[in-house]
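*Asks:* one predicted model, sequence on top.
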Amino acid sequence: VSNKNGAALELINSPIVKIIDSSFDSNVTLEGSGGGIYSSCSLADCDIRLVKETTGVEFKNNSAQVSGAGFAWVDREPQFEPSEVIFQDNGSGFGANRAGTPYAIVHVNDNSSLNVSLSNTHDSSSTEILSNFQSGQKVQSPLYFALVDQYGQVIQSDNFSVAEITAVTSSVNSAISDGRAIAVRGIFTFEEISLTSPPGISGIFKIDSSVLSESEFPKEKQQFRISFRECRRGEIYTQDGRCHLCGSDIPDNHKDALQKRQFSLSIRDTDCHRCPSTAYCWGGDTVGPRPGYWRLNDSSSKILECPNEEACLGVRPGNNNDLPSGRCKEEEGYTGVVCKECKTGYIPGERSRCLSCPHPALNLLKLLFLLALVIILAVFLIRNSLLAAYAS
């Protein structure tokens with residue numbers, strides 16, 4: 001048991017070392033790395049080897065507080081054939097059997113990753129970590145990157161290294177904000193990063209850290225691709241390269257949000273439009289008429305006044321089921337353009353009003369009454385004509 005690195009064996013700048021058929025069993029370092037062996041050598045001719053002549057080298061039941069319960073190394077990796085070294089029941093915070101130095105930063109799906117296969121890393125031509133990204137916006141979900149050693153193990157002991165994302169593609173060279181992160185248990189988390197690029201391109205970015213200054217890992221494998229979508233209707237392309245959603249600068253809790261928010265109905269717009277006093281505007285391309293007004297469709301910027309304002313109910317704030325034209329007072333017979341047409345069962349009246357047709361039974365009674373009047377009048381006229389003829 002030791003409080004330092006290398007509870008059983010510590011090698012500092014030892015140029016040539018051969019460890020032959022040795023067993024490192026139940027060694028513990030309480031505060032350091034390398035329960036069995038800790039090696040650090042900055043000399044050019046360092047050569048540390050684990051060699052099997054008969055039984056091989058064994059690391060068993062070792063533990064380390066920081067890293068590498070079996071062995072840990074800095075600068076030069078001990079050389080050995082995997083079949084000649086046995087690891088069994090070792091444990092530590094990172095690198096239960098062996099632990100190396102910071103070697104690469106790779107993209108991972110979450111902050112709980114412990115191991116990464118470095119053989120599966122690709123170059124920037126195929127590694128796309130975000131697609132259809134809106135230029136100028138913050139990422140909706142955090143981006144995670146892991147600092148790993150030569151064996152693909154996340155260096156959980158690292159809580160101090162700083163990584164930075166920068167653009168490789170020249171068109172997005174200065175289009176990143178909040179692109180730096182500090183490692184937490186070997187994971188870099190980018191939660192507030194925003195990326196700006198000309199819409200419709202696929203940009204190449206890279207992540208790097210000064211802790212990797214001595215690493216031989218290919219830098220192109222620390223690059224990744226992000227594709228940016230075109231600006232959509234309701235957004236305008238700004239001079240600083242963002243797809244700005246019209247009205248997004250007005251918060252939902254603003255008392256006049258539906259009047260203050262701007263809108264855009266064409267992807268060719270270069271400016272957002274003010275919301276007319278005859279409409280409600282939710283931002284983007286969502287616009288609807290107020291009560292007393294009507295709109296042809298969701299592409300029309302014209303809000304028409306209804307001849308009978310009581311017939312046009314407009315749209316209801318907060319109700320996404322209303323049509324872009326707004327609602328007509330259909331329960332009273334109004335429909336059509338500017339709600340001036342009458343539904344079946346209604347007849348046009350004065351001042352663009354729709355009047356309910358009488359009940360069919362009542363119409364029949366009226367018809368029978370008129371028919372009776374006609375018959376009575378005809379009988380009366382015929383009778384008078386006959387009396388006049390007899391009198392003459």
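*Replies:* It's in.
*Asks:* got phi/psi on D75?
*Replies:* phi 80, psi -60 (degrees, to the nearest 10).
*Asks:* for my notes, confirm E53 occurs in a helix.
*Replies:* No: counting by DSSP: H, G, I helix; E, B strand; the rest coil, E53 is not part of a helix but coil.
*Asks:* and it, how many residues sit next to it?
*Replies:* 9 (other C-beta atoms under 10 Å). Backbone N, C-alpha and C define where each C-beta goes, glycine included.
*Asks:* surely it and I20 touch.
*Replies:* Yes: E53 is within contact range of I20, at 5.6 Å (criterion: C-beta atoms under 8 Å).
*Asks:* shared neighbours of these two, which are they?
*Replies:* Residues within reach of E53 and of I20 at once, by C-beta atoms under 8 Å, 6 or more residues apart in numbering: there are none.
*Asks:* which stretches of the protein form helices?
*Replies:* Residue ranges of the helices in the chain, as given by DSSP state H, are 257-260, 360-391.
*Asks:* ranking the ones you listed by burial, who's on top?
*Replies:* Ranked by mean neighbour count, the helices of the chain are led by helix 257-260 with a mean of 18 (mean count of other C-beta atoms under 10 Å).
*Asks:* ok, which of the helices of the chain comes nearest N90?
*Replies:* Closest of the helices of the chain to N90 is helix 257-260, at 60.6 Å (criterion: C-beta to C-beta).
*Asks:* hmm, who's touching the closest one?
*Replies:* Outside helix 257-260, the residues touching it (C-beta under 8 Å, 6+ apart) are 250-251, 254, 275, 277, 280-282, 317.
*Asks:* got the CA positions of that helix in PDB?
*Replies:* Output in PDB follows, covering the C-alpha atoms of helix 257-260 (Å, rounded to 0.1, in the frame of the first residue of the first chain):
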ATOM      1  CA  ALA A 257     -46.700  39.900 -27.900                       C
ATOM      2  CA  LEU A 258     -49.400  39.100 -30.600                       C
ATOM      3  CA  GLN A 259     -49.200  42.700 -31.800                       C
ATOM      4  CA  LYS A 260     -45.500  43.400 -31.400                       C
END
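*Asks:* for it, what is the average pLDDT?
*Replies:* In this model, helix 257-260 has an average pLDDT of 88.
*Asks:* how distant is that helix from the center of its chain?
*Replies:* Offset of helix 257-260 from its chain centre (C-alpha atoms, centre = their mean, to the nearest Å): 26 Å.
*Asks:* likewise stretch 15-26?
*Replies:* Distance, centroid of stretch 15-26 to centroid of chain: 52 Å (C-alpha atoms, centre = their mean).
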